[in-house]
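> Got a sequence here, can you build the structure:
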Amino acid sequence: MQAARITVGAVLFPALALGLAGVFLFGERWISKIPASIDFMPSTLAAVLLIGAVFAALQHAEILGAKTGEPYGTLVLTIAVTFIEVAIMASMIEHGDEDPTEAREAVFSAIIIVCNGLVGLCLLLGGFRHHEQELQPMATSAYLAILIALSVLTLILPDYTTSSYGPTLSTTQLIFVSVLSVLLYGAFLFIQTVRHRSYFIDVHVAAVGHGEAKPSRAVTIFAVVGLGASLLGVSLLAERVIPGLEEALRWGGVDDVNRVTGAAVAMLVLLPESMNSIRAATRNALQTSLNGALGSVVATIGLTVPAVALLSVATNREIVFGLEKRDTVLLLLTLLLSVVSFGAGRTNLMTGLVHLVVFATYIFLLFVP
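Next up is the predicted model:
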């Protein structure tokens, strides 16, 4: 394997993204003078640089992954992306239209997008190229156990509690569920990185990984800085792109703008992790792919929900976590399908296709509820 190196794009896009974010922050007076005929240009440029920063983050994460090895390499990007998601949702809650369902939609969207869209695409592409792929059943069962427990506690249970009005949790219940989420995710990280690390190492990576060249110390340090700059740029520009998206959706006559926006936030934030997982699946490292995909959604629930709950308590703003009936059905279908798909320890093209069918249904219902 060739030694890891940093390309021009991995340096240029984060720098340009942060520069444009600075212009938005300090030059709003000049931006407001842009003629109405081209006022879409700043948001368009922000979207382009955001995507470039995402791919830069992917390269920096791959360098760190080559240095630390699995599962630490995948975990670095997972945790970083989760903190960016928390920052974006906190900004939406703090500066948005005070819609109490924003956090719920973002978390639910992340689960459906990852477990159906991303996982389905990884299984489909991996199965098409390698016919049949192996995974570590103990690792995937750990992911699914936490995913099932936390998603039901945070997104379904609020529909049936009686201490507060509507599909919400009382302050005491919110704190209780948040503490459980953090403790459970912390225990999972201990299992993944210390006690049972071997469960999460792909069998093919373990077999061929001894000859891989590791990046130098200087390249590694630069990758750490580059990853932080890239993800920060994604976070800051997303705050500019999302309002433009909401305005476009309203102009297009979309009924439930909040649900579509929540899905868009999840897709933007998960894009670096998604590209990493897809690449791993196509090179027949399915467990590495699932570490990124399922790890990101477990981190989303385990860390994002407590962070949003803390913000809710601190600002005295109500957060609606309970799903509507339609979304509850989709969530339960997704969880059941995931258990069936990974239970045999092997996947193929058909497995991915079924997940993509559920994802297509979710996208369809966003616009035709």
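> give the contact list for Pro100.
By Cβ atoms under 8 Å, 6 or more residues apart in numbering, Pro100 lies in contact with Thr168, Arg317, Glu318, Ile319, Val320. Yep, even glycine has a C-beta here, placed from its N, CA and C like the rest.
> How much space separates the closest residue to Leu366 other than its chain neighbours from Ala103?
Leaving aside its chain neighbours, Leu366 sits nearest to Val260 (5.3 Å; criterion: Cβ to Cβ, 6 or more residues apart in numbering). Here the criterion is Cβ to Cβ, to the nearest Å. By it, Val260 lies 16 Å from Ala103.
> swap in Val269?
Using Cβ to Cβ, Val269 is found at 13 Å from Ala103.
> ditto for Tyr165
18 Å.
> out of the two, which sits in the more crowded spot?
Legend: neighbour count by other Cβ atoms under 10 Å for Tyr165 and Ala103, higher for Ala103 (26 against 8).
> Can you name the helix or strand that the more buried one falls in?
Ala103 belongs to helix 102-112 when elements are defined using DSSP states H and E.
> CA atoms of that helix as PDB?
Coordinates of each C-alpha in helix 102-112 appear next as PDB, following Å, rounded to 0.1, in the frame of the first residue of the first chain:
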ATOM      1  CA  GLU A 102     -36.300  19.700  14.800                       C
ATOM      2  CA  ALA A 103     -34.100  17.400  16.900                       C
ATOM      3  CA  ARG A 104     -36.500  14.500  16.600                       C
ATOM      4  CA  GLU A 105     -36.600  14.800  12.800                       C
ATOM      5  CA  ALA A 106     -32.800  15.000  12.600                       C
ATOM      6  CA  VAL A 107     -32.200  11.900  14.800                       C
ATOM      7  CA  PHE A 108     -35.000   9.900  13.100                       C
ATOM      8  CA  SER A 109     -33.700  10.900   9.700                       C
ATOM      9  CA  ALA A 110     -30.100   9.800  10.600                       C
ATOM     10  CA  ILE A 111     -31.400   6.300  11.700                       C
ATOM     11  CA  ILE A 112     -33.400   5.800   8.500                       C
END
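> Just name whatever secondary elements whichever helix or strand comes after that helix is in contact with.
Note on helix 102-112: by DSSP H and E, the next helix or strand toward the C-terminus is helix 119-130. Taking 3 or more Cβ pairs under 8 Å, 6 or more residues apart in numbering; DSSP states H and E as contact, the helices and strands that helix 119-130 lies on are strand 132-134, helix 257-282, helix 286-299, helix 325-343, strand 346-348, helix 349-367.
> change it to 7 Å
Helices and strands touching helix 119-130, by 3 or more Cβ pairs under 7 Å, 6 or more residues apart in numbering; DSSP states H and E, are helix 257-282, helix 286-299, strand 346-348, helix 349-367.
> Could you check how far the shortest one is from the centre of its chain?
The gap between the average C-alpha position of strand 346-348 and the chain average comes to 23 Å, counting by Cα atoms, centre = their mean, to the nearest Å.
> give me every residue that touches Leu271.
The neighbours of Leu271, taking Cβ atoms under 7 Å, 6 or more residues apart in numbering as the test, are Val54.
> what's the pLDDT at it?
pLDDT, Leu271: 79.
> Also Leu144?
Leu144 is given a pLDDT of 93.
> Name the SS class of it, please.
State at Leu144, reduced to three classes by DSSP: H, G, I helix; E, B strand; the rest coil: helix.
> That one is in contact with Ser341, isn't it?
No - proximity of Leu144 to Ser341 does not meet the contact threshold set by Cβ atoms under 7 Å, at 9.7 Å.
> which residues in the stretch 151-300 of the chain form helices?
For the stretch 151-300 of the chain, the helices defined by DSSP state H, counting those that start in this stretch cover 171-190, 203-208, 217-251, 257-282, 286-299.
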